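Visitor: okay, sequence plus prediction incoming.
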Amino acid sequence: MSKRYDALVVGSGTAGQTAAYQLNRNGFSVGLVEHSDRPGGTCALSGCQAKKWFYEGTEAVARSRHLSGIGITSPAIADWSALRDAKNRFTASVPSKTVSGLKKAGIDFIPGQARFTGPQSVAVGREELTARFIVLAVGAVPMSLPIDGSDHIISSSEFMELDRLPSRIVFIGGGFISFEFAHFAARLGPSDIHCIILEVASRPLGPFDEQMVALLSAASAEAGIDIHTNVGILGIEKTDRAFRITTEGGRRFEADLVVHGAGRAPNIDALELDSAGIEATKRGITVNEKMATSNPYVYAVGDCADTLQLARVADAEAETAANNIVSLSNGDNPGAVMDYSAVPTVLFTYPQYGMVGATEDALKKEGASYEKSCEDHLDWPTYTRVGIAHAAYKVLAGEDGKILGAHILSDNAAGLINAFSLAMHNGLSAETLYRQSIMTPYPSRESDIIYMLRPLVF
Ligand SMILES: Cc1cc2nc3c(=O)[nH]c(=O)nc-3n(C[C@H](O)[C@H](O)[C@H](O)COP(=O)(O)OP(=O)(O)OC[C@H]3O[C@@H](n4cnc5c(N)ncnc54)[C@H](O)[C@@H]3O)c2cc1C
Ligand SMILES: NC(=O)c1ccc[n+]([C@@H]2O[C@H](COP(=O)([O-])OP(=O)(O)OC[C@H]3O[C@@H](n4cnc5c(N)ncnc54)[C@H](O)[C@@H]3O)[C@@H](O)[C@H]2O)c1
């Protein structure tokens with residue numbers, strides 16, 4: 001049996017849905033293939049949205065601990081399984097809402113695993129589907145690790161399903177997931193909790209600013225999280241009551257739980273990309289700035305593409321691909337391109353670390369001339385009021401005054417960094433952003449932005 005669509009989308013995560021709805025709104029007949037029995041994707045079910053339940057609990061506990069002695073007498077105590085249940089009440093309805101939403105819009109939902117049979121054709125079970133354009137949005141999965149006993153490692157998704165947290169947790173990898181989940185565990189786990197992050201590189205959080213990472217690492221240490229770098233893990237062994245992790249150089253770590261935070265790889269093995277002439281590396285499907293692959297009929301978006309693995313980047317890529325497909329169909333030039341120069345990123349640790357644009361390390365490496373406004377351990381009332389001792393910022397501007405990058409440690413780094421991201425998108429100078437920010441609602445985290453900019457302006 002064979003069915004033909006104007007566009008076929010593979011994957012029902014945020015990227016796949018964004019592309020499917022946009023093509024559908026433009027009058028395309030659209031089919032969406034999904035092989036999971038829980039459609040809806042990583043962000044909603046086990047990523048950004050799901051983990052935010054634990055972040056909000058973490059913030060409440062951490063804030064009340066910080067306020068202890070300055071007006072709060074009884075710091076909050078978390079109920080891990082109640083937070084998990086609240087998260088699951090949200091995720092439970094995601095699959096059915098995903099499918100009903102697609103169907104209501106007139107998009108065919110096709111359950112099953114897609115694999116290419118030709119440049120414009122895909123098999124799902126016994127069904128052959130052909131399409132003028134195909135959008136791949138198959139996401140990523142935890143990278144397989146060359147470690148003996150790696151079957152003892154649990155994923156971040158499994159972590160969020162635990163009934164309770166044990167006292168000793170080792171996180172493998174010092175990236176986004178390990179930092180965020182260690183911060184959750186340190187506030188939501190038992191009172192004797194001890195978290196360890198083992199990073200293979202010489203420093204954790206490689207893409208972030210080295211100085212700010214050192215400040216976040218110090219804040220993490222105070223919360224009960226130890227970070228070890230240059231650790232080559234050899235094996236994980238199950239002992240009577242725990243796990244023993246052995247490393248190069250003969251070091252050993254004992255843990256009740258070992259968690260994967262060592263990167264996510266594109267979920268492309270089942271697609272048989274070679275049958276369609278689509279190039280990929282272990283970092284993802286190779287795409288150009290229009291999100292087109294090496295096959296002109298196929299686009300790749302979201303975590304499976306060799307770009308950034310962030311939810312709103314996935315959406316922007318999906319919109320870019322869909323716009324280009326619509327243009328091509330109309331006989332127009334496909335002119336939509338992705339720009340990654342001012343993508344804001346936030347680590348949902350406590351305090352949060354928000355970053356946009358260049359790091360100071362990168363500017364130094366490039367030999368770029370820049371000016372910097374930077375301060376750590378801020379004693380501004382904003383932070384003394386909530387007992388945060390580790391707030392910090394760094395703003396980098398070029399010779400022409402334009403903002404090149406910003407880095408913020410704060411309990412609301414997400415909101416703050418977005419202001420800098422918008423300024424960068426609009427090519428604003430530090431002085432223009434300063435003038436436009438003077439009347440920011442006061443006092444707030446955001447009204448402090450002028451203090452961050454002053455050294456670059458006067
Ligand atoms: C723990 C965690 C926390 C995160 N937190 C944040 C955050 O705070 N902020 C942020 O911006 N990002 C965050 N991310 C990243 C974010 O979740 C991803 O960037 C985003 O979900 C990617 O969406 P996607 O649509 O590309 O892929 P996915 O949502 O993974 O969707 C891919 C879909 O394709 C399906 N599929 C795969 N192969 C096939 C096939 N052959 N046939 C049919 N279907 C197939 C899968 O079943 C899946 O449903 C987090 C990720 C994790 C893991
Ligand atoms: N707040 C957010 O936006 C957010 C949160 C979670 C995840 N994410 C996305 O999901 C992606 C995956 O997250 P992640 O934390 O798994 O990956 P990551 O790429 O952020 O970090 C992986 C880390 O593990 C290290 N590593 C790799 N192999 C190792 C090994 N064998 N032993 C020790 N260390 C090892 C790497 O050097 C790196 O520092 C992120 O890149 C990010 O794009 C985003």
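Guide: Happy to help now that I have it. Ligands and ions are numbered 1, 2, ... in the order given.

Visitor: how far out from the middle of the chain is the strand or helix carrying I403?
Guide: Using DSSP states H and E, I403 maps to strand 403-410. Centre-to-centre, strand 403-410 and its host chain are 18 Å apart (CA atoms, centre = their mean, to the nearest Å).

Visitor: and that strand, which strands flank it?
Guide: Sheet partners assigned to strand 403-410 using DSSP bridges are listed as strand 352-357 (antiparallel), strand 392-398 (antiparallel).

Visitor: average pLDDT for it?
Guide: Here strand 403-410 scores 98 as its mean pLDDT.

Visitor: so for S155, which of the strands paired with strand 403-410 sits nearest?
Guide: strand 352-357 (23.0 Å; CB to CB). C-beta: built from backbone N, CA, C; applies to glycine.

Visitor: packing partners for the helix or strand following that closest one?
Guide: Of the helices and strands lying after strand 352-357 in sequence (DSSP H and E), the nearest is helix 360-366. The helices and strands touching helix 360-366, judged by 3 or more CB pairs under 8 Å, 6 or more residues apart in numbering; DSSP states H and E, are helix 210-222, strand 370-375, strand 392-398, strand 403-410.

Visitor: now with 7 Å?
Guide: If you count contacts as 3 or more CB pairs under 7 Å, 6 or more residues apart in numbering; DSSP states H and E, helix 360-366 packs onto strand 392-398.

Visitor: ok and the strand it packs on relative to strand 370-375, angle-wise?
Guide: Using axes from the mean of the first three to the mean of the last three CA atoms, to 10 degrees, the inter-axis angle of strand 392-398 relative to strand 370-375 is 170 degrees.

Visitor: list the contacts of strand 392-398.
Guide: Strand 392-398 has contacts (CB atoms under 7 Å, 6 or more residues apart in numbering) with 209, 211-212, 215, 358, 360, 363, 370-378, 403-409, 430, 452-453, 456.

Visitor: in ChimeraX, select just the buried ones from those.
Guide: Restricted to buried positions by 16 or more other CB atoms under 10 Å, the ChimeraX selection for the contacts of strand 392-398 reads:
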select :209,211,212,215,358,360,363,373,374,378,403,404,405,406,407,408,409,430,452,453,456
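
Visitor: got phi/psi on Y5?
Guide: Dihedral pair for Y5: phi -120, psi 160, per degrees, to the nearest 10.

Visitor: and it, how far from R25?
Guide: Remark: distance between Y5 and R25 (CB to CB, to the nearest Å) = 15 Å.

Visitor: domain ranges for this protein?
Guide: The chain breaks down by automatic domain parsing into domains covering 2-142+265-329, 150-262, 345-457.

Visitor: how far away from the center of its chain is the second one?
Guide: Per CA atoms, centre = their mean, the displacement of domain 150-262 from the mean C-alpha position of its chain is 18 Å.

Visitor: what do you get for the longest one?
Guide: Per CA atoms, centre = their mean, the displacement of domain 2-142+265-329 from the mean C-alpha position of its chain is 13 Å.

Visitor: that domain near ligand 1 anywhere?
Guide: Yes - with CB under 6 Å from any ligand atom as the criterion, ligand 1 is reached by domain 2-142+265-329 at 10-16, 33-36, 41-43, 47-48, 51, 113-114, 137-139, 267, 270-271, 302-303, 309-312, 314.

Visitor: hmm, which of those are the buried ones?
Guide: Among the residues of domain 2-142+265-329 next to ligand 1, those scoring as buried are 10-16, 33-35, 41-43, 47, 51, 113-114, 137-139, 267, 271, 302-303, 309-311, 314 (criterion: 16+ other CB under 10 Å).

Visitor: nearest spatial neighbour of whichever residue of the stretch 301-450 of the chain sits closest to ligand 1, chain-adjacent residues omitted?
Guide: Nearest to ligand 1, among the residues of the stretch 301-450 of the chain, is G302, at 2.1 Å (CB to the nearest ligand atom). Setting aside the residues directly before and after it, G302 is nearest to A15 in space (CB to CB, 6 or more residues apart in numbering), at 2.9 Å.

Visitor: where's that neighbour relative to G249, distance?
Guide: On the measure of CB to CB, A15 and G249 end up 41 Å apart.

Visitor: just E446 next, same as before
Guide: According to CB to CB, E446 and G249 sit 46 Å apart.

Visitor: try A318
Guide: In terms of CB to CB, A318 sits 45 Å off from G249.

Visitor: again with G263
Guide: In this structure, G263 and G249 are 22 Å apart, going by CB to CB.

Visitor: of these two, which one has the most company?
Guide: G263 (16 against 9; other CB atoms under 10 Å).

Visitor: got the contact list for the residue of the stretch 51-200 of the chain found nearest ligand 2?
Guide: Taking CB to the nearest ligand atom as the measure, the stretch 51-200 of the chain has G175 as its residue closest to ligand 2, at 1.8 Å. G175 is in contact with 205, 261, 263, counting by CB under 7 Å, 6+ apart.

Visitor: now with 10 Å?
Guide: G175 makes contact with 197, 199, 201, 204-208, 261-264, 347 under the criterion CB atoms under 10 Å, 6 or more residues apart in numbering.

Visitor: kindly report the same for S220.
Guide: By CB under 10 Å, 6+ apart, the contact list for S220 reads 179, 182-183, 186, 195, 197, 204, 213, 226-227, 349-350, 390.
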